[in-house]
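Student: when you get a sec, could you give me coordinates for this:
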Amino acid sequence: MTKIAVFTKWIKVSVSVLLTASFLTGCGFHLRGDYLLPDEMQTLYVSSQDPHGELTRFVKSNLKDNDVKVLNKSSTNIPELRILKDSLNRRTLSLFENGQVAEYELTYSVRYEIRFENTDNQHHSFEITRNYQEDPDRALAKTRELSLLRKEMRIEAANTILRNLATTEL
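Tutor: Next comes the predicted model:
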């Protein structure tokens, strides 16, 4: 290849990268995990019926990772994220021939509200669903798998709450 051909190819690649970056920036694209919460939510008080629960810890951790100041006490003029309820339910989907459960459907439900001073509370809820296959021959491994699945569902719930906070209208 001649020097001109190499230079031309380099120019084409550079222009393509620049155009792609411009389009992504122009449409508001952000990498996942960068939630860009409104300025009014850069300081939050997080409360829960289970303040030491896994979901509450994951939410607080995600907020801190996104440079949000999480207060330990409620304060006037500071928004409050209140986790009202989180519950994990399971439903039988299928059975083995001997009548033992073969597969469950796990549903993790979360209800929370956002409280702003001098405005109505904003209530939110969502569900996360997963299927889980039981195996009586591998009870210990399946117990560990179920524990990891529950943790994964709580992490996803914490991420969902942050995504919802980022789109909350004040």
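Student: which helices and strands sit right next to the longest helix seen in the chain?
Tutor: Counting residues, the longest helix found in the chain (DSSP state H) is helix 139-166. In terms of contacts (3 or more Cβ pairs under 8 Å, 6 or more residues apart in numbering; DSSP states H and E), helix 139-166 is packed against helix 54-65, strand 80-95, strand 101-115, strand 122-133. To be clear about C-beta, it is placed using only N, CA and C from the backbone, and glycine gets the same treatment.
Student: so which bits of that helix are buried?
Tutor: By 16 or more other Cβ atoms under 10 Å, the buried positions in helix 139-166 come out as 149-150, 153-154, 156-159, 161-162, 164-165.
Student: what average pLDDT does it get?
Tutor: Across helix 139-166, the average pLDDT comes to 90.
Student: cool, and stretch 17-32?
Tutor: Stretch 17-32 carries an average pLDDT of 69.
Student: how far off centre is the longest helix of the chain?
Tutor: Between the centre of helix 139-166 and the centre of its chain there are 9 Å (Cα atoms, centre = their mean, to the nearest Å).
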